[in-house]
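J.: the sequence and its predicted three-dimensional model are supplied below.
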Amino acid sequence: MNSKSVFFVLFFYLICNYAVHAQSLENCIKIKDSGFVAMDKRDYPTALEYLTKAQLIAEKRNYHLQVFEIKNNIGIIYFNLSDYGEALNYYLDAYAVALKHLDANREMIVLNNIAVIYSVDNNFQKGREFYLKAYDLAKKANDKPKIGLYAINLAKVANSLKEVSTANNYLEEAIEYVNKENPLFYQLEATRAENLLLRGDFENAKSIVFGIYSKTKGKRIENKEINSTVLSLLARIYESQKKYDKSIFYINAALKETSDFETRADLFSSLSDNYTQKKQFENALNAVKMMVAVRDSLSKVNKDNLYESNKVKFDVQNYKADLNASVEKSKMERKVFITAMFVLLLLLFLIFRMFRNRTIKLEQKKIISDKEQKIIVLQLENEKSEKLLLEKQVKEIENNALLELEKLKREIEQKNRKLSAKALYLSGRNEMIEEIINSLSKAPDVSQNGTLKKHISTLKEHLKADSEWDDFIVHFEEVNHGLLNSLKEKHPSLTSNDTRFLCYLYMNLSSKEICTIFNITQEAYRKRKERIFNKMNIDKNLSFYDYLSSI
């Protein structure tokens with residue numbers, strides 16, 4: 001192989017490698033975006049499945065930006081599931097990637113998320129530590145919107161720690177960067193009002209809060225909880241001024257504005273305190289009960305979230321294992337593909353060089369012909385195997401159907417035998433009643449005894465009652481569904497006694513048993529059967545069971 005051929009092969013390899021790299025990045029972004037879509041729909045298991053798959057690709061290819069975005073968003077998912085420990089782990093991983101490979105903007109994003117976790121968990125010192133890191137980065141980058149955001153967050157933490165002077169300093173700085181058109185303006189004003197409340201400046205705090213409320217009341221704003229925050233602040237201000245009626249009014253208003261369990265529990269606690277101060281102990285107790293109920297609901301939600309989080313983590317672990325195996329398989333397939341491409345190039349080169357060599361050309365044709373023959377043979381064998389398999393499956397289905405039919409037949413026969421036994425029992429009972437009537441009627445004193453005559457009359461009425469036959473028909477229809485209807489439709493001239501006689505024939509009762517039931521002789525039985533068969537226009541020697549089974 002000359003240098004020109006070597007250059008061609010190397011160039012082809014580089015092109016293939018670049019194409020695979022570009023395709024991998026595009027595929028990674030596509031999978032990640034699918035995860036974000038599922039995340040927006042709060043379908044967290046599906047979101048984690050997509051993001052985990054994208055994470056493995058991104059880490060394998062060193063797509064640092066993709067790794068950062070994926071880990072940060074997985075942290076957000078676990079935060080929404082209230083699994084703060086798992087969320088913190090992913091945030092810290094994302095922070096490590098941003099610190100080593102990305103810019104300060106990404107660092108600030110994840111530092112803020114970490115600080116939020118600590119603040120939600122009431123660990124304000126750690127929260128302040130990470131807010132300060134984000135704040136310092138924003139200062140270095142002179143990112144004014146971010147400086148304003150982190151200054152507000154630091155002021156909130158300082159308020160929570162009762163460090164009112166520190167909080168006021170951050171608020172004064174935030175005012176420089178947050179104007180009235182900024183979505184953060186209402187948060188800034190609410191934090192300022194809380195700071196004034198902590199310093200005992202109730203009137204100015206009240207003025208700020210009423211100013212916010214007048215602008216946000218009944219309006220759609222970005223921060224949906226601002227109204228409840230404002231109303232809670234008003235309630236705290238009036239409580240501090242010992243104006244408990246107004247405090248209670250604004251607490252109830254705040255309860256209507258928020259659905260957050262933690263916030264509602266705190267509001268019910270404040271409501272209980274206000275009622276206690278007014279010595280309305282029954283109302284205070286009711287507020288405490290509501291607080292406990294909300295806490296219970298919060299506990300249940302947290303338990304459900306924890307269960308969902310653990311379930312999701314378990315599914316993700318299994319998915320990671322499967323995905324790793326798949327990645328290894330794909331890696332091997334890629335190696336095989338590259339090797340095959342090299343082999344193909346070499347083969348094409350050789351074919352090109354030896355194109356005029358007739359002997360090799362004929363040999364190649366022979367090889368191709370042999371392979372085609374093998375393929376044809378394999379195809380014929382596969383078709384034969386498939387045909388045999390199909391025939392076997394059809395036969396199995398037919399056998400199963402026959403077995404099922406036989407089983408149903410046995411069940412019907414068994415139930416018909418029970419009906420036969422019942423019919424014979426009813427016939428025997430009727431014979432016994434008739435014998436008793438005849439015996440009693442022959443007694444000389446019966447005609448003189450009114451009570452006995454009444455009982456004999458009752459027995460005769462009972463003997464004539466046909467309710468047993470009605471019950472028998474109901475049970476016969478349940479066992480032989482639709483048979484009587486088909487019989488009546490095909491032979492409408494049949495009487496009820498004819499139908500009854502045919503039912504006993506269908507149940508394979510002997511002529512003796514049928515004679516006993518109808519209280520007739522063998523000759524009467526023969527004539528009745530012949531008459532009914534003539535009416536139905538069927539051969540008297542035909543098996544009536546087979547005939548009925550066929551209609």
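T.: Cool, the structure landed. In this text, all values refer to a predicted model and were calculated from it rather than measured experimentally.
J.: contacting residues around residue 487?
T.: Counting by Cβ atoms under 8 Å, 6 or more residues apart in numbering, residue 487 makes contact with 494, 499, 502, 548, 551. In short, each C-beta sits where N, CA and C put it, glycine included.
J.: one more: residue 124?
T.: For residue 124, the contacting residues are 118, 157, 160, 161, by Cβ under 8 Å, 6+ apart.
J.: is it possible to mark the buried ones in these?
T.: Neighbour counting with 16 or more other Cβ atoms under 10 Å marks 118, 157, 160 as buried within the contacts of residue 124.
J.: give me the pLDDT for the residue nearest to the last one when sequence neighbours are not counted.
T.: So the one you mean is residue 160. Distances taken as Cβ to Cβ, 6 or more residues apart in numbering put residue 124 closest to residue 160, at 5.1 Å, once the chain neighbours are dropped. Residue 124 carries a pLDDT value of 89.
J.: from residue 166, how far out is residue 124?
T.: 12 Å (Cβ to Cβ, to the nearest Å).
J.: one step back: of the buried ones among the contacts of residue 124, closest to residue 342?
T.: Using Cβ to Cβ, residue 118 comes nearest to residue 342 of those, at 55.1 Å.
J.: pretty sure that closest one is touching residue 131, no?
T.: No: judged on Cβ atoms under 8 Å, residue 118 makes no contact with residue 131 at a distance of 9.0 Å.
J.: can you give me the buried ones in the helix or strand residue 262 falls within?
T.: For residue 262, the element it lies in under DSSP states H and E is helix 261-277. By neighbour count on 16+ other Cβ under 10 Å, the buried set for helix 261-277 is 261, 263-276.
J.: how about the contacts made by residue 241?
T.: Contact partners of residue 241, counting by Cβ under 8 Å, 6+ apart, are residue 202.
J.: from residue 274, how far off is it?
T.: Using Cβ to Cβ, residue 241 is found at 12 Å from residue 274.
J.: related to what we said a few turns ago, reformat the contacts of residue 124 as TSV; add pLDDT and secondary structure.
T.: Below are the contacts of residue 124 laid out as TSV (pLDDT from 0 to 100; DSSP: H, G, I helix; E, B strand; the rest coil):
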residue	pLDDT	secondary structure
118	90	helix
157	91	helix
160	89	helix
161	91	coil
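J.: would a markdown table of the residues you listed with distance to residue 36 be doable?
T.: Output for the contacts of residue 124, formatted as a markdown table (distance: Cβ to Cβ, whole Å):
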| residue | distance to residue 36 |
| --- | --- |
| 118 | 25 |
| 157 | 30 |
| 160 | 32 |
| 161 | 36 |
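J.: between those, which is nearest residue 534?
T.: The shortest approach to residue 534 among these belongs to residue 118, at 99.8 Å (Cβ to Cβ).
J.: ok, now which ones touch the closest one?
T.: Neighbouring residues of residue 118 by Cβ under 8 Å, 6+ apart: 124, 126, 127, 129, 130.
J.: how about a cut-off of 7 Å?
T.: Going by Cβ atoms under 7 Å, 6 or more residues apart in numbering, residue 118 touches 126, 127, 130.
J.: and the first one, backbone torsions?
T.: Just to be clear, that refers to residue 126. phi -70, psi -40 (degrees, to the nearest 10).
J.: once you drop chain neighbours, what's closest to it?
T.: Excluding the flanking residues, the one nearest residue 126 by Cβ to Cβ, 6+ apart is residue 118, at 4.1 Å.
J.: for residue 278, list the residues it contacts.
T.: By Cβ under 7 Å, 6+ apart, the contact set of residue 278 is residue 244.
J.: for it, report the pLDDT, please.
T.: 83.
J.: how much space between it and residue 244?
T.: Distance of residue 278 to residue 244, given as Cβ to Cβ: 5 Å.
J.: tell me the buried residues in the host helix or strand of residue 133?
T.: Using DSSP H and E, residue 133 sits within helix 124-141. For helix 124-141, burial by neighbour count (16+ other Cβ under 10 Å) applies to 124, 127, 128, 130, 131, 132, 133, 134, 135, 137, 138.
J.: flag the shaky bits of the stretch 51-200 of the chain, pLDDT-wise.
T.: Applying pLDDT under 70 to the stretch 51-200 of the chain flags no residue at all.
J.: tell me which element residue 27 falls in.
T.: helix 3-40.
J.: report all helices and strands that the following helix or strand past that helix contacts.
T.: Using DSSP H and E, the helix or strand that follows helix 3-40 in sequence is helix 44-61. Secondary-structure packing of helix 44-61 (3 or more Cβ pairs under 7 Å, 6 or more residues apart in numbering; DSSP states H and E): helix 3-40, helix 64-80, helix 281-353.
J.: dump stretch 136-147 to CSV, restricted to CA.
T.: What follows is stretch 136-147, C-alpha atoms only, in CSV (Å, rounded to 0.1, in the frame of the first residue of the first chain):
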residue,chain,number,x,y,z
ASP,A,136,-18.6,37.3,45.9
LEU,A,137,-18.6,35.7,42.4
ALA,A,138,-21.3,38.1,41.3
LYS,A,139,-19.3,41.0,42.7
LYS,A,140,-16.2,39.9,40.8
ALA,A,141,-18.1,39.6,37.5
ASN,A,142,-20.0,42.8,38.2
ASP,A,143,-23.3,40.9,37.5
LYS,A,144,-25.7,43.5,38.9
PRO,A,145,-28.9,41.4,38.7
LYS,A,146,-27.2,38.5,40.5
ILE,A,147,-25.7,40.9,43.1
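J.: just checking, residue 192 touches residue 171?
T.: Yes: with contact defined as Cβ atoms under 7 Å, residue 192 counts as touching residue 171 (5.4 Å).
J.: overlap of the contact sets of those two?
T.: Here residue 192 and residue 171 have no joint contacts, going by Cβ under 7 Å, 6+ apart.
J.: and the closest residue to residue 511 other than its chain neighbours, which of the three is it?
T.: Setting aside the residues directly before and after it, residue 511 is nearest to residue 525 in space (Cβ to Cβ, 6+ apart), at 5.3 Å. Following DSSP: H, G, I helix; E, B strand; the rest coil, residue 525 is assigned to helix.
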